[in-house]
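A.B. asks: The sequence and its predicted three-dimensional model are supplied below.
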Amino acid sequence: MACSNDITMTVMNTLIQKPHESKYCTSVVEGATLFAALNKIQDSDKKFSFTYTVDKNLGLFLESVNGLYGSKEDHTFWELLSDEEPLNTGIGCYQLKEKDQIILKLKKW
């Protein structure tokens, strides 16, 4: 899927034998957060969903994407990347840049 919009979001499940990817596109205002883009995609695409929790110290924490949850017991989590580089902030603080290519990758630690 080619995106002519501002933001491309790829959701990857690397925990299965044949990794699966889904791509989504959206546009957001300058300075919008990743959380805003996730909400906008969820509102416009019925195939996309996400959940989050709020940590009183760290803020918003991505919990699940498309029904797949990170799990302490299974040692899995959602890694957040922009243009293949890990984000140093979470979904509530990361400010999107024009033509950002966000990757949400479910993986083991």
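C.D. replies: That came through fine.
A.B. asks: Show me the strands in this protein, by range?
C.D. replies: Assigned by DSSP state E, the chain shows strands spanning 7-13, 20-26, 50-55, 59-65, 68-69, 76-82, 85-86, 101-108.
A.B. asks: And for the first one, what's in contact with it?
C.D. replies: Here strand 7-13 makes contact (CB atoms under 8 Å, 6 or more residues apart in numbering) with 19-28, 37-38, 41, 48, 65-66, 68, 96, 99-106. Using the backbone N, CA and C atoms, a C-beta is placed for each residue, glycine as well.
A.B. asks: Which entries within these meet the buried criterion?
C.D. replies: 22, 24-26, 28, 37-38, 41, 48, 65, 68, 96, 100, 102-106 (16 or more other CB atoms under 10 Å).
A.B. asks: Can you pull the phi/psi pair for H75?
C.D. replies: phi 60, psi 50 (degrees, to the nearest 10).
A.B. asks: distance of it from N88?
C.D. replies: Counting by CB to CB, to the nearest Å, the separation of H75 from N88 is 22 Å.
A.B. asks: Equivalent analysis for Y69, please.
C.D. replies: Taking CB to CB, one finds Y69 at 23 Å from N88.
A.B. asks: Between those two, which is the more surrounded one?
C.D. replies: Y69 (13 against 9; other CB atoms under 10 Å).
A.B. asks: Is that one in contact with E63, as I believe?
C.D. replies: Yes. In this structure Y69 lies within contact range of E63 using CB atoms under 8 Å: 6.3 Å.
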